[in-house]
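Asker: got a predicted structure plus its sequence, pasted below:
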Amino acid sequence: MAIDRPVPERKSQLVSYLLWGSCFFGVCGIHRFYNGRPISGLIWLLTFGFLFIGQIIDLFLIPGMVREQNLESRLTDLDDRRGRLR
C-alpha cells in the first residue's frame with residue numbers, strides 16, 4: 001500500500017541568484033524570502049539590500065542559505081513521516 005506524501009520542495013541556487021539579481025531592478029531581498037528568511041528579506045527590501053553592501057555579501061551566503069533551507073525541508077518531511085507512522 002503506497003502512502004501519498006508530498007515531495008519537499010528543494011530550493012535552487014540558480015533561482016536564488018536570479019532573484020538576487022532583481023536588485024538591479026530596484027527590488028532587493030527577494031532571494032531571502034525565497035530561502036525562508038522573511039524578516040531579513042523585509043529589511044533588505046526596505047534598505048535596498050543595506051545600501052547594496054548586504055547584497056554583495058549575500059553573493060557568498062546564498063549557497064549556505066539554500067543548503068540550510070533544503071536541510072530544514074528534509075527534516076520537516078522526515079518528522080511528518082514519523083508522525084504518520086505512529
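Answerer: Structure's in. What do you need? Numbering: from 1, shown residues only.

Asker: pLDDT score for the residue most central in space within the chain?
Answerer: In the chain, the residue lying closest to the centroid (Cα atoms, centre = their mean) is residue 35, at 0.8 Å. Looking at residue 35, its pLDDT is 95.

Asker: just give the nearest non-adjacent residue to it, would you?
Answerer: Of all residues not flanking residue 35 in the chain, residue 65 sits nearest, at 4.3 Å (Cβ to Cβ, 6 or more residues apart in numbering). C-beta here means a position set from N, CA and C on the backbone, and glycine is covered the same way.

Asker: now swap in residue 22 and tell me
Answerer: Using Cβ to Cβ, 6+ apart, the closest residue to residue 22 is residue 30 (5.2 Å).

Asker: output the contacting helices and strands for the longest helix seen in the chain.
Answerer: Longest helix in the chain, counting residues (DSSP state H): helix 53-85. If contacts are counted by 3 or more Cβ pairs under 8 Å, 6 or more residues apart in numbering; DSSP states H and E, helix 53-85 sits against helix 13-20, helix 30-34.
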